[in-house]
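Participant: sequence isn't available, so here's the structure alone:
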């Protein structure tokens, strides 16, 4: 009997010991977990002399009283820096953290704002790209004028721009972009209007090149009005609705040269349009991304049945760009773009293609039009000169914090591009446009020089599938 009682006591004590060990281990685990958790007690922002704190807070992926894991601090800091970088409001961004007491964190942002007001005396070429203009150096294709651009208008991240240009064309342009409609900065509105009169105009494509007419009289008049609504709930996704009106009119000279310029024997083209675009952007930068990806899908309906003679078509566009760091100082990037126009009839002015804003490198001198276009771009980037800041110590830049520090980066890259344009109407082939319905590809070596205010000088030496090669100059990143 006594032994039975002892057995029961032993079993009971063992059970209590197991329970005690389990509870003690759980409590220790909770203590460890608690020590890994930090609460943000304060966010200090320095250097935002013009920019509203609401604009800065909107781009941060953390907030006051939020609890974060210690292991996530660097990721949270870098994501916030990327978001602020893409706002194009700051030249330099630094985020540091201080653990003032166990479990409590203070976040400090040190910002260097850009210069925001830019009165401009404007001089630019009107060709499709700089390399095309540089080949001929045709001074008649220059436009010049004056204007003013105010970035970060009202300190709310909005931009306001007005332009007046003369030369090869007369342009009046007004844009007010990024008007915030709510305190949470989820809803935005943009307004844009343009009126242009052109003396120089490409009226047909022959032998894969634009044929251009130069006239003392205006050969094309265009008016474009647009209102754009954007919804951005979190950080990376954007939904954009666009409503606009466009009206174009060509001179009799153009109609006689190309009766299909606006469709058979049409001297004008006008329409209302409605568009939707979805964007997901996780890139670390807008102007020279090295990590993350960009996905954009858009559809635009031109011709809503409001006017009796409206131009009618559906435009579709898709693009996916991806960027990744392979190892230290080596990055890769790939991109694919697709555009489609649903014209049943041949309308020269509204066709899509390659050779305009997007092109196969090495084919800068050529234009390929059609109803569908596909472009594939790849590069391997090597960081020749990591970001270096040069301090300017001479007057008057010495005291101007927006200009007295110049960041400089240099990259070398190897690239490969391929593109294809289809023409179901067959209209372009009759003018000896041999690049239509034919694979275009190229490879080469490039150097990119990057500095502040989103300025890039890009030098590409390309070899294309036609057996041609040469040096081309550009002013933006190849894949962005």
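Facilitator: Received, thanks. Every value quoted in this text rests on a predicted model; they were computed, and no experiment measured them.

Participant: distance of residue 118 relative to residue 153?
Facilitator: For residue 118, the distance to residue 153 (CB to CB, to the nearest Å) stands at 12 Å. The way it works is simple: take the backbone N, C-alpha and C, and place the C-beta from them, glycine included.

Participant: the two - which one has more neighbours?
Facilitator: Neighbours per residue (other CB atoms under 10 Å) separate residue 118 from residue 153, with residue 153 holding more: 19 against 13.

Participant: would you list the phi and psi of the residue lying closest to that one once chain neighbours are set aside?
Facilitator: Using CB to CB, 6 or more residues apart in numbering and skipping residues adjacent in sequence, the residue nearest residue 153 is residue 160, 4.7 Å away. Note on residue 160: backbone dihedrals following degrees, to the nearest 10 are phi -130, psi 130.

Participant: quick one: residues contacting residue 160.
Facilitator: Residues counted as contacts of residue 160 (CB atoms under 8 Å, 6 or more residues apart in numbering) are 149, 150, 153, 175, 176, 177.

Participant: mind putting the residues you listed into CSV with secondary structure and distance to residue 212?
Facilitator: Shown next, in CSV, are those (DSSP: H, G, I helix; E, B strand; the rest coil; distance: CB to CB, whole Å):
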residue, secondary structure, distance to residue 212
149, strand, 29
150, strand, 35
153, strand, 38
175, strand, 28
176, strand, 33
177, strand, 32
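
Participant: any chance of TSV for these, columns distance to residue 75?
Facilitator: Shown next, in TSV, are the contacts of residue 160 (distance: CB to CB, whole Å):
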residue	distance to residue 75
149	35
150	34
153	32
175	35
176	35
177	30
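
Participant: what's the closest of those to residue 40?
Facilitator: Of all the contacts of residue 160, residue 40 sits closest to residue 153, with 30.4 Å by CB to CB.

Participant: what's across from the closest one in the sheet?
Facilitator: Beta bridges link residue 153 to residue 158, judged by DSSP bridges.

Participant: need the contact list for it.
Facilitator: Neighbours of residue 153 in contact, by CB under 8 Å, 6+ apart: 116, 159, 160, 176.

Participant: so where's the stretch 51-200 of the chain shaky on pLDDT?
Facilitator: Filtered on pLDDT under 70, the stretch 51-200 of the chain yields the residue ranges 121-134, 136-143.

Participant: helices of that one, start to end?
Facilitator: Along the stretch 51-200 of the chain, the stretches classed as helices by DSSP state H, counting those that start in this stretch are 53-59, 73-86, 130-136.

Participant: for residue 236, find the nearest of those helices.
Facilitator: Of all the helices of the stretch 51-200 of the chain, helix 73-86 sits nearest to residue 236, with 8.8 Å by CB to CB.

Participant: contacts for that closest one, please.
Facilitator: 38, 56, 59-62, 68, 90, 93, 95, 97, 111, 235, 281, 283-286, 292.

Participant: rerun that using 6 Å as the cut-off
Facilitator: 59, 60, 61, 62, 93, 95, 235, 284, 285, 286 (CB atoms under 6 Å, 6 or more residues apart in numbering).

Participant: could you find the closest non-adjacent residue to the first one?
Facilitator: Spelled out, it's residue 59. Spatial nearest neighbour of residue 59, chain neighbours left out: residue 83 (3.8 Å); criterion: CB to CB, 6+ apart.

Participant: thank you kindly, that will do.
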